[in-house]
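> here is my input, please return the structure:
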Amino acid sequence: ILVAAGFESGDVKFWDLRDGNLRGSLAPLEGSVWAAQFSADGNYLVTASDDGQAIVWEMMTYSRVKNLAHPTSVKAAAFSPDGRHVVTGDRASTVRLWDLDTGIPMEARGHRGTIHCVGFSPDGKLIASAGADRTTKLWRIGPNALEAVRTLEHDAAVYGVCFSPDGTKVATASLDGMVRIWDARSGGL
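Reported below is the predicted structural model:
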């Protein structure tokens, strides 16, 4: 079982959780690496960095499979549960859902500042995005667009978001030191 971390130096490194030993690294990227997440099957990794790219890596050879270009720094990236899509968030307040077969994104705007984190619901039907504007937004994945479902208000910038394993709750972590657990359907605490 591997864990990955990105660094300001542009490095991405992998450690084995069983023994804590360094198992590998990627060639340094241009600028800070803000996110690194494995696909559910562990065969791929997506990174988000200041060079305006989210990159999908094949882990057997550590080779680039897809470059998902952005007009600005990419701050967040995550795989869908089935591994067929990647969601990204950037400094320009844009959430993008990338189809990895076509490389074509659907875009959604609604934040007012940098998006710090993104994630999928376990069933792959919802996306959560959160950021500097002190909000977490839930988006339904439609056939041709990301549809805003609800906005969860915070007292400070939000740096962490994830769904519960059953998809009924959303956990958020904000700069005010609070972790909040929200009902994904109603938006209530």
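> how about the secondary structure of the spatially most central residue of the chain?
Computing the C-alpha centroid of the chain and ranking residues by Cα atoms, centre = their mean puts Ala77 first, at 2.9 Å. Of the three states, Ala77 takes strand under DSSP: H, G, I helix; E, B strand; the rest coil.
> ok, it touching Ser49?
No: Ala77 is beyond contact range of Ser49, at 9.2 Å (criterion: Cβ atoms under 8 Å). C-beta: built from backbone N, CA, C; applies to glycine.
> thinking again about what came up before, so the residue nearest to the centre of the chain bridges to which residues?
On the basis of DSSP bridges, Ala77 is bridged to Thr88.
> next up, the contacts around it.
By Cβ atoms under 8 Å, 6 or more residues apart in numbering, Ala77 lies in contact with Ala35, Gln37, Val46, Thr47, Ala48, Ala54, Val86, Val87, Thr88, Gly89, Val118.
> likewise for Gly188?
Contacts of Gly188 by Cβ under 8 Å, 6+ apart are Trp182.
> which pLDDT value belongs to it?
With respect to pLDDT, Gly188 has a value of 89.
> so how far is Val170 from it?
Distance, Gly188 to Val170, by Cβ to Cβ, to the nearest Å: 11 Å.
> so what sits against both of these two?
Common neighbours of Gly188 and Val170, counting by Cβ under 8 Å, 6+ apart, are Trp182.
> before we move on, back to that, just the closest of the contacts of Ala77 to Val3, please.
Among those, Gln37 lies closest to Val3 (Cβ to Cβ), at 10.5 Å.
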